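Asks: Sequence plus predicted model, see below.
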Amino acid sequence: MNKKQIVEQVTKYLEPILEENSFELVDVEFVKEGPIYYLRIYIDKEGGITIDDCQKTSRAVEKVLDEKDPIENPYTLEVSSPGLDRVLKKDKDFERFKGSMVDIKLYESIDKKKQLQVKLVAKTPDYLIVEDEGHEVQIPVKNIAIVRLAIMF
């Protein structure tokens, strides 16, 4: 199985576990860093995720993954919250965080910038609409590498 197939398979196994606990699946990653593979599962819930929530989910996921055994390589399982600077990927993420400041990394520069910190206005299938210094800007989705919530101090 390739990485994408592993993520899809693990996601299917996770859905009933997370639903039972009223947790939201934010993201699943299967990555290789140096010689080690990591299966990272990011979860959330209203009011935030606790260490106990992560531990409970990790134990339930371990049990299912040991039984189903979809990953042939040895790996490290990590279950955590998405963090303050969470990545926005799904349409519901963009809807939920409308009006928030976001950090955007682009593939191609806009006005000689490849990184922007702007206010999120809306998302369409083709564009991310943001406010930059009082001006509305439409950024083609295909030009966006990543969108994260900005950490403001």
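Replies: That came in fine, so what should we check first?
Asks: Give me the domain ranges for the chain.
Replies: Annotated domains of the chain cover 3-80, 91-149 [automatic domain parsing].
Asks: would a markdown table of these with mean neighbour count and mean pLDDT be doable?
Replies: Every C-beta, even on glycine, is put in place using the N, C-alpha and C of the backbone. Listed next are those as a markdown table, based on neighbours: other CB atoms under 10 Å; pLDDT from 0 to 100:
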| stretch | mean neighbour count | mean pLDDT |
| --- | --- | --- |
| domain 3-80 | 14 | 93 |
| domain 91-149 | 14 | 94 |
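Asks: Surely Lys105 is in contact with Lys113?
Replies: No. Counting by CB atoms under 8 Å, Lys105 stays clear of Lys113, with 10.2 Å between them.
Asks: what about the closest residue to Leu116 other than its chain neighbours, distance to Thr76?
Replies: Excluding the flanking residues, the one nearest Leu116 by CB to CB, 6 or more residues apart in numbering is Ile104, at 4.6 Å. Using CB to CB, to the nearest Å, Ile104 is found at 30 Å from Thr76.
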